[in-house]
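Student: Show me the folded form of this:
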Amino acid sequence: MHVSHLSLADFRSYARVEVPLDPGVTAFVGPNGQGKTNLVEAIGYLATLGSHRVASDAPLVRMGADRAIIRAAVVQGERQQLVELELNPGRANRARINRSSQVRPRDVLGIVRTVLFAPEDLALVKGDPGERRRFLDELITARSPRMAGVRSDYDRVLKQRNTLLKTAALARRHGGRQMDLSTLDVWDQHLARAGAELLAQRLDLIATLRPLADKAYEQLAPGGGPLGLEYRGSAGEAMAAASNREELYGVLLAALGEARKSEIERGVTLVGPHRDDLLLKLGQLPAKGYASHGESWSYALALRLASYELLRAEGNEPVLVLDDVFAELDARRRERLAELVAPGEQVLVTAAVDDDVPGVLVGARYAVSDGAVEKVDR
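Tutor: Okay, the predicted model is just below:
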């Protein structure tokens, strides 16, 4: 799979830009702050319905504009599709496939698949659990786009349940009358059902990813492993014995019942996938807090390479995006990473200067400056 054309209107710094793309390597080169990352960010948004740089859509719309358009022609084998997203901060986003059919934004998931390497990836190792949960859930959705609906259902139920718990907690603190919390039983069931589906997918993903991440780390840092990926669930040790979705549902439901008193006191849901973490170990020690800067980089890169190998093995090779990564790496890691990604069907690279693009990544070059994207003859 590859993107053959990218069109943006009022996205980030671009009033309008048209960028034809070919398979193989394409590098966008120019000083920082000129719009290189904006181009690959747009492609990533089509793949995940989110940005790797910001949490909301508002910063993605050019100042003074009401909306932004991302449009891409996508080639998979003999098939070509045109996918379009209209970003409307404060209102519902809109989507189209092949211009004529208007669909829900999440229906475009799976048309474009990407694996993104970026400086922000260090947060996978050094950051909060939310970064690692996001990594898992975006990869789950790339494997199975229907999981976008499950994630949306879970978030909706969680919000409703938290609202009820917060209201109950406030009533208790201010001496109000006791609330009828019988509806919590219903919300518990809904949360456990969607949560069990999400948990099952996460656990399956981690089991599949472990050997791939180990192999990738050995390729990047020979002799530096082994890695350990362990899921830490808020539902406790009983989760490890669950072998299917129904058993996970039962474990979550029981854990919610046990936590109810504490949840009512604190006014928040304390059990579920939104409270879980992926523990990353290097040897016998947690990577967070013990791994060096170079080891942390290698770990994060190994997780991305493992993601790429997993998606490629499942039949639809993703676009590889390397956003200003090589400048962050020492010479050895830079060359090893370049060698590993060079055979990809489509590899998009951003760099401040030509020297930051390893020589093995031979392909098209675009100069990006002051909102202009111009192909450079080589």
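Student: Just say helix, strand or coil for the residue nearest to R99 when sequence neighbours are not counted.
Tutor: Nearest residue to R99, sequence neighbours excluded (CB to CB, 6 or more residues apart in numbering): L82, at 6.1 Å. Glycine gets a C-beta too; all of them are placed from N, C-alpha and C. Following DSSP: H, G, I helix; E, B strand; the rest coil, we place L82 in the strand state.
Student: Over to G149?
Tutor: helix.
Student: Which strands or helices does the lowest-mean-pLDDT helix or strand in the chain pack on?
Tutor: Lowest mean confidence among the helices and strands of the chain (mean pLDDT, DSSP states H and E): strand 101-103, at a mean of 80. Where contact means 3 or more CB pairs under 8 Å, 6 or more residues apart in numbering; DSSP states H and E, strand 101-103 is packed against strand 94-97.
Student: Listing partners with orientation, what would you give for the strand it packs on?
Tutor: Note on strand 94-97: by DSSP bridges, its sheet partners are strand 79-87 (antiparallel), strand 101-103 (antiparallel).
Student: Helix or strand: which one has the residue positioned nearest the centre of the chain?
Tutor: Nearest residue to the geometric centre of the chain (CA atoms, centre = their mean): E138, 4.0 Å. Assigned by DSSP states H and E, E138 belongs to helix 129-143.
Student: distance of the residue nearest to R99 from H5?
Tutor: Here L82 is placed at a distance of 9 Å from H5 (CB to CB, to the nearest Å).
Student: okay, and the common contacts of the two?
Tutor: 72-73 (CB atoms under 8 Å, 6 or more residues apart in numbering).
Student: Can you tell me what sits against the helix holding E138?
Tutor: 47-48, 50, 109-110, 113, 123-124, 147-148, 151, 198, 201-202, 205-206, 209, 273-274, 276-278, 280, 303, 307, 310-311, 314, 318.
Student: Show me the residues you listed that map onto helices.
Tutor: 47-48, 123-124, 147-148, 151, 198, 201-202, 205-206, 209, 303, 307, 310-311 (DSSP state H).
Student: Just the buried residues of these.
Tutor: Buried by 16 or more other CB atoms under 10 Å: 47-48, 123-124, 147-148, 151, 198, 201-202, 205, 209, 303, 307, 310-311, out of these.
Student: Verify the stated contact: L270 with S262.
Tutor: Yes - the pair L270 and S262 passes the contact test of CB atoms under 8 Å, sitting 6.1 Å apart.
Student: how many neighbours does the closest residue to H274 other than its chain neighbours have?
Tutor: Nearest-residue entry for H274: L158, 6.0 Å, with adjacent residues in sequence omitted and distances by CB to CB, 6+ apart. Neighbours of L158 under the rule other CB atoms under 10 Å: 20.
Student: and L158, what does it touch?
Tutor: 191, 269, 272, 274.
Student: ok, those vs A168, which is closest?
Tutor: The closest of the contacts of L158 to A168 turns out to be T269 (CB to CB; 12.1 Å).
Student: ok, so what distance separates the closest one from R113?
Tutor: 32 Å.
Student: Local confidence estimate at D323?
Tutor: If you check D323, the pLDDT there is 95.
Student: What count of nearby residues applies to it?
Tutor: The tally of other residues near D323 (other CB under 10 Å) stands at 23.
Student: do the same with L270
Tutor: 16.
Student: Go through the strand or helix carrying Q160 and flag the buried ones.
Tutor: Secondary structure assignment for Q160, by DSSP H and E: helix 147-173. The neighbour-count check on helix 147-173 (16+ other CB under 10 Å) flags 147-151, 153-154, 157-158, 161-162, 164-165, 168-169 as buried.
Student: What is the nearest of the residues you listed to A367?
Tutor: A367 has its nearest neighbour among the buried residues of helix 147-173 in A148, at 36.3 Å by CB to CB.
Student: returning to that earlier point: now for the helix or strand following the least confident helix or strand of the chain, which elements pack on it?
Tutor: Sequence-wise, the next helix or strand downstream of strand 101-103 (DSSP H and E) is strand 114-117. For strand 114-117, the packing partners by 3+ CB pairs under 8 Å, 6+ apart come out as helix 36-48, helix 293-313, strand 319-323.
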